[in-house]
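**Student:** next comes the sequence, and after it the predicted model I'd like to discuss.
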Amino acid sequence: MNVVIVLLALLGSVWLLAVVEGWTTTGRLSLSAPLLSGLAHLGRESIVPRTPDRLFFEAAPILFLIVAVLGVTVLPLAPTLVIADLATGALFINAALAYVLVALIMAGWGPNGAYAMIGGWRFLGQLIAYAMLIVMPITAVAMRAESLVTTVIVASQESLWNIVYQPLGFVLFFIAAMALAFRAPFDLPIAEGELGGGVDAEYTGVRRAVLRLARLTLVVTLAAATVVFYLGGWHGPLLPPWAWSLIKTLAVAVSMLLVGRYLPRIREADLMRWCWTLGIPLALVNIIIVGLLVLVVS
Amino acid sequence: MIEVTKDLPRSADGLAMDWLEVPFGPVFSGLPGGLKLTLTLDGDGVTEGQAISLVGMVNEVEEGKEVDAETFIERLASAMPLASVSYRLLACQAIERAAGLEEDPATAQARAVALERERIASHMGWLAQLGRQFGFAWLTHRASTLQLEIRCASGKRLAELAPALQALVTRLGRTPLLKSRLKGIGILPSDATGLSGPVARADGNAGDAWGRLWQRLDEITTSLDFIKAIGEPELPVLRNIGHGSGTGEASVETPRGQAQLSLTLEHGQVKSYKLDTACRHHIGLVAQLVEGRELGDALVAVGSLDLSPWEVIS
Amino acid sequence: MYAQAFFVAIFGLAAIGFGVWVFRTSSMVRSALALLFSQTAVGCMFLAMQTEFLGVLQIMMMATEMSIMAIFMVMFMMDPGGLGGMDMTHQKRFSIGAGVIAGGVAIAVALLADWGPVTPQAPDAAMQTRELGMELLGRSMLIFETAGITILTAMIAATAVAIPVQTLANGGDKEDSE
């Protein structure tokens, strides 16, 4: 039962997010636009480029979608509303999302095109920049909760949300999550103005529909993770817990969409340099501060 | 393995890799339409590159075919869609001088205002293009909206739009990441010749893409002040030249730099002409600007030149 | 119990299958990703054997590690796409011999070693994670830290050795000029 509810909530969030994305890009608010454009994708010819690595080309969108959904399985909507309350939940979501990289490399290599290939390998470089900034803030979150179980992590924030307890960690995690979801300004692998669509460039028709669905799902997954780790998960007054989880997730997801509109794409070299020379030391400082707080408070 | 790779060219990082020759354009969202950039990529780095225009005028000199003066002006204006007012003005001036007409101060002023208006619109178009290259959706939307408004705006409307333009300039100054994206990119070689327009004027301070952005933004302010001081813009229309004959030469500072036209007029017909534009010289800078750069930086460098492929004469 | 054995077997076979594929393809990228999925299958075996933390860790680490290996293979090999139908195997006779001997030894150890009594009940996943943490930051710390530093040194050294000496006249690093 939980599986059905969580997946429906995920689907609903993705749809709403697609509506907002359409609204910001075209200026029209249309509730049916995502469904129509999805149908349009299905109706279009799905072109296979010349001499592709067919296996990678076909498998990549599906793998991408699967791992984005897998990430959600450990994130609770309400105290008991979680698909798999794993003892290693906070680690599991990292494991699942690491395969986004694999999917993008496959999608980049598969079509046998220069734009796509550069996009795919660019994301590997991007991972080297953001990966530590995903894992290290989560470490500090787990330190406070003294557990990797996501429901325990949410429960640990009942009195004080982590965004207040460790704001530095939140900022780093939010930025890294946007880089993981390759949203603008971190959309290096699919940069329209630099690579003509990059990894997306050679995908058309139904395969492209799957890719776009997977990408929006990934944004929702990461927004839900941000909510669970930093924004107190289901905690909130008046409304039922699941409603709070959904509202917060959508708010974070929409903010991830909007930030990119107002920023130019970051330079690859700058991303790498700032993540390693600034981000990682700050993440370590965050761990030290949280460690001291945990010791002092308990 | 060593036998196979030993003869491959080495890139700056010392790795022997397959080099890919990748076309960017003529229809590429990060570059002006009609410009074809061919880059030899070594991973994400550019080892060499060159740009050609697929839509430029073929002949700089045309002789033997007589064209009616009015037709000539229309042709030249429509051949340069990104700066049609400038080239219309250029053609009018050259023909009028050839016909031996005296300069009329009132007309000249109104024409100059139209030229400055086009300069603002053109720089807005360039900003929108920059936004497209950077995935900076807000800038693209804002600048292209303003560009369309300004293109045909009256002096009064321009005065109304001035605060919006000023706000855009201020906003760009505050945008994070923009400076790091442009600073130090596309520094012009010191031995570059034939530069004009914003590219040349920005060469004084740093001469990088960041400098060129601010040169154009400053020009927008200057042009606005000029329009405010002078008055209404008026599209250049050929004055009555009768059946005059002679040779005339004119030069106009188009949004992209100096354009020069010299022509021979016989009985009100343009007999031959010679055209020189700024983009024609600027396109030659591309090869040096992209060499050894990362792909993203190379494209920024090319974009910062504000090349109009139509104004490249091959 | 049987279900568990079944899944261990399935993932084990998948690991072997992907492992074989590493050498049966001529594309470097396919080879690297086959190795990746082989290691992922090993991680799934850990999960099937109720060692949750190790399983998830293995699955997570291998995705990035093998992808990085893939890019090195693409960078350094002349035909990463395998369009020339390159053979992944060499020194065939020696490697077959070594493979057979190593396999025999592994099977012999599996059959002949005294594995002690079967643990009736594994501690639950949370407890395992805790005990693993205590172990890693306790008496095994020195071993793990040493291993980590060694691997890091080896990686840096290998990369440094692989890159030929370059002349500074050739532009150098553009970061320096800023």
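**Tutor:** In hand now; what should we look at?
**Student:** phi, psi of the residue of the stretch 151-298 of chain A found nearest chain C?
**Tutor:** Nearest residue of the stretch 151-298 of chain A to chain C: residue A:269, at 7.4 Å (CB to the nearest CB). Where C-beta positions appear, they are placed from N, C-alpha and C, glycine not excepted. Per-residue torsions, residue A:269: phi -60, psi -40 (degrees, to the nearest 10).
**Student:** that one touches residue B:294, doesn't it?
**Tutor:** Yes - in this structure residue A:269 lies within contact range of residue B:294 using CB atoms under 8 Å: 6.8 Å.
**Student:** which one of these two has more residues nearby?
**Tutor:** Taking neighbours as other CB atoms under 10 Å in any protein chain shown, residue A:269 and residue B:294 compare with residue B:294 leading, 19 against 16.
**Student:** contacts only, for the more buried one.
**Tutor:** Shown in contact with residue B:294 (CB atoms under 8 Å, 6 or more residues apart in numbering or on different chains): A:267, A:268, A:269, B:44, B:45, B:46.
**Student:** so the most centrally placed residue in chain A is in which element?
**Tutor:** By CA atoms, centre = their mean, chain A has its centre lying nearest to residue A:222, at 3.4 Å. Using DSSP states H and E, residue A:222 sits in helix A:205-230.
**Student:** equivalent analysis for residue B:207, please.
**Tutor:** Per DSSP H and E, residue B:207 falls between elements, in no helix or strand.
**Student:** list the contacts of it.
**Tutor:** Residue B:207 makes contact with B:187, B:188, according to CB under 8 Å, 6+ apart.
**Student:** over to it: give its phi and psi.
**Tutor:** phi 70, psi 30.
**Student:** check what pLDDT residue 108 gets.
**Tutor:** Just going to use chain A. Residue A:108 is assigned 93 on the pLDDT scale.
**Student:** that's the wrong chain, I meant chain B
**Tutor:** Note for residue B:108: predicted pLDDT of 90.
**Student:** three-state assignment of it?
**Tutor:** When classified by DSSP: H, G, I helix; E, B strand; the rest coil, residue B:108 comes out as helix.
**Student:** and residue B:40, that's in a strand?
**Tutor:** Yes - assessed by three-state DSSP, residue B:40 belongs to a strand.
**Student:** next, count neighbours for the nearest residue to residue A:100 once chain neighbours are set aside.
**Tutor:** Leaving aside its sequence neighbours, residue A:100 sits nearest to residue A:67 (CB to CB, 6 or more residues apart in numbering or on different chains; 5.8 Å). Other residues lying near residue A:67 total 23 when counted by other CB under 10 Å.
**Student:** quick check: domain ranges of chain C?
**Tutor:** Structurally, chain C divides into domains by automatic domain parsing as follows: C:1-81, C:123-161.
**Student:** of those, which is nearest residue B:132?
**Tutor:** Residue B:132 lies closest to domain C:1-81 among these, at 29.5 Å (CB to CB).
**Student:** top helix in chain A by residue count?
**Tutor:** helix A:114-145 (DSSP state H).
**Student:** got the angle between that helix and helix A:205-230?
**Tutor:** Computed by axes from the mean of the first three to the mean of the last three CA atoms, to 10 degrees, the angle separating helix A:114-145 from helix A:205-230 equals 20 degrees.
**Student:** any bit of the helix holding residue A:222 sitting next to chain C?
**Tutor:** No - judged by CB under 8 Å from any CB of the partner chain, helix A:205-230 stays clear of chain C, getting no closer than 14.5 Å.
**Student:** so where is the stretch 151-300 of chain B shaky, pLDDT-wise?
**Tutor:** Scanning the stretch 151-300 of chain B for pLDDT under 70 picks out the ranges B:205.
**Student:** please apply the same query to chain A.
**Tutor:** In chain A (pLDDT under 70), no residue qualifies.
**Student:** for it, which residues are neighbours of chain B?
**Tutor:** A:24-25, A:114-115, A:118, A:121-122, A:184-185, A:187-188, A:191-196, A:260-270.
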